[in-house]
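Undergrad: Dropping the sequence and predicted coords here.
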Amino acid sequence: MEKAQKIGAQIYGYGVCLIAVITLLITITTLVNSIFDLQDPLHSGWRQPGASLASYENYKMDILKSTQKGEGTAQSSYIPEEKTIMAMYEAAKDDKIQSAKHSAHQSITISTLLIVISIILFITHWQWLRKMNN
């Protein structure tokens, strides 16, 4: 009976160590991606549908194209002034940057906590297994 308990404890201990290592590897990848996103928040993540924020000229063309889609109707399309388009571009760009920075900081915090927890779990269970085998 004691041998079966020891085998069960070893399976548990090695299982926790394996899961801690896998979690550590996956979390390190997430941490590195978040650090890259923090360095260039405008180009981070997936491209969202809508006007391109790559440059003001791209944004302006996308906005002008979107105002001309309903051109076949009797109503005339509203075309914003240059100053309005520039303000819209700056607001959209600032929103994208702030959103990406917030997301990156959140991901870095969560990843760091998971890394610390994984390391603690691995070390404690590995030491426990070594004591049990001696």
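TA: That came through, no problem. Numbering: from 1, shown residues only.
Undergrad: which residues does residue 11 contact?
TA: Not one residue lies near residue 11 by Cβ atoms under 8 Å, 6 or more residues apart in numbering. To be clear about C-beta, it is placed using only N, CA and C from the backbone, and glycine gets the same treatment.
Undergrad: Can you tell me the element it falls in?
TA: helix 2-39 (DSSP states H and E).
Undergrad: Quick check: buried residues in that helix?
TA: Going by neighbour count (16 or more other Cβ atoms under 10 Å), the buried part of helix 2-39 is 13, 16-17, 20, 23-24, 27, 31, 33-34, 37-38.
Undergrad: Moving C-terminal from the lowest-mean-pLDDT helix or strand in the chain, which element do we reach first?
TA: Scoring the helices and strands of the chain by mean pLDDT, DSSP states H and E places helix 56-67 at the bottom, with a mean of 83. Scanning forward in sequence from helix 56-67 by DSSP H and E, the next helix or strand is helix 82-133.
Undergrad: In terms of secondary structure, what does that following helix contact?
TA: Helix 82-133 is packed against helix 2-39, helix 56-67, with contacts defined by 3 or more Cβ pairs under 8 Å, 6 or more residues apart in numbering; DSSP states H and E.
Undergrad: pLDDT averaged over that helix - what is it?
TA: The pLDDT scores in helix 82-133 average 94.
Undergrad: and it, how far from the chain's centre?
TA: Per Cα atoms, centre = their mean, to the nearest Å, the displacement of helix 82-133 from the mean C-alpha position of its chain is 7 Å.
Undergrad: next one: stretch 28-46
TA: Distance, centroid of stretch 28-46 to centroid of chain: 7 Å (Cα atoms, centre = their mean).
Undergrad: Great, nothing more from me.
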